[in-house]
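Engineer: For reference, the sequence and a predicted model appear below.
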Amino acid sequence: MTSLLAILALGFMLGMRHATDPDHVVAVTTIVTGQRSVRRAALVGAAWGLGHTLTILLVGSAIIVFKWVIPPRLGLGMEMAVAIMLIVLGIANLGGTLRWLRRSRTVPVAPAKIHSHAHSHGDYVHTHPHGHVPEAHPHPDDATPLARIDRKLGAAAPYRLVRPLVVGIVHGLAGSAAVTLLVLTAIRTPLWSVAYLLIFGIGTIAGMMLITAAISVPFALGKGQFARFEHGLRVASGLLSLGFGLVVAYRIGIVDGLFGANVQWTPK
């Protein structure tokens, strides 16, 4: 019993360490960058950890109880989902910065060039007078009903926590096989193996909460005085996420053979 409890305690510590994996840190950094509340940043980390734990617990339990064997191509496909997610997060961060740069510029509109016709802002189409030489509108791109709804929903805690929850689920999907194989070599009893996965997940939640809270501390202390630095950090995190995702996608797709005939997959 003592050795079993020691293994469970080790699972908690390994879960905290698991939260520091590079792809995990890069993903949450793109989400939490510029967060001016340590408490909210910690909630983002908790949402990521919860999603990660749910997937590992569900998939890992199925592997333990039903003796599932994940085919190599499926395993690589789950890891490729992480690479795609990192690329999407990076592009989203860079896109948000570009919108901020456009809003910060003031472009005069030549009166003789103002006219009206239907045009779109994303999915929203409407008509009002505006100019094309130079290109200018009487309202910014995000001053549309859809953007206002997004801003209103963004103030709600569930809306803000959906993205890290989904990111955590994808990360858990990619790492569930490795974690389960590790526990199966140490614990032979299915019930205690599932308990280990749960303890591991709790450790991951705690570790990611500490990481996201630490990332947000400089912004919380700055009280919004370093806006340009925040946007610069968002650009850096976006580029890092995009580059890291592309490297991982190349490794999985080409080196490990996901898109080829010879698939090489070792859960990790």
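Structural biologist: Sure, I can see it.
Engineer: would you list every one of the strands in the stretch 1-150 of the chain?
Structural biologist: Counting by DSSP state E, counting those that start in this stretch, the segments of the stretch 1-150 of the chain that form strands are 114-121, 124-132, 135-136.
Engineer: any low-confidence regions in the stretch 1-150 of the chain?
Structural biologist: The model of the stretch 1-150 of the chain has pLDDT under 70 over residues 1-2, 34, 96-150.
Engineer: Run a quick neighbour tally on the spatially closest residue to residue 41 that is not a sequence neighbour.
Structural biologist: If you skip the residues right next to it in sequence, residue 41 has residue 216 as its closest partner in space, 3.4 Å away by C-beta to C-beta, 6 or more residues apart in numbering. From N, CA and C alone the C-beta is placed, and that goes for glycine too. Around residue 216 sit 23 other residues, with neighbours defined as other C-beta atoms under 10 Å.
Engineer: Pretty sure residue 216 sits against residue 29.
Structural biologist: No - distance between residue 216 and residue 29: 10.4 Å, which falls outside the contact criterion (C-beta atoms under 8 Å).
Engineer: Show me what the helix or strand containing residue 246 is packed up against.
Structural biologist: Here residue 246, judged by DSSP states H and E, is contained in helix 227-250. Counting contacts by 3 or more C-beta pairs under 8 Å, 6 or more residues apart in numbering; DSSP states H and E, helix 227-250 packs against helix 22-32, helix 72-104.
Engineer: now what about that helix, what contacts it?
Structural biologist: Judged by C-beta atoms under 8 Å, 6 or more residues apart in numbering, the contacts made with helix 227-250 from elsewhere in the structure are 22-23, 26-27, 29-30, 33-34, 79-80, 82-94, 96-97, 100, 219, 222.
Engineer: I am finished for the moment; much appreciated.
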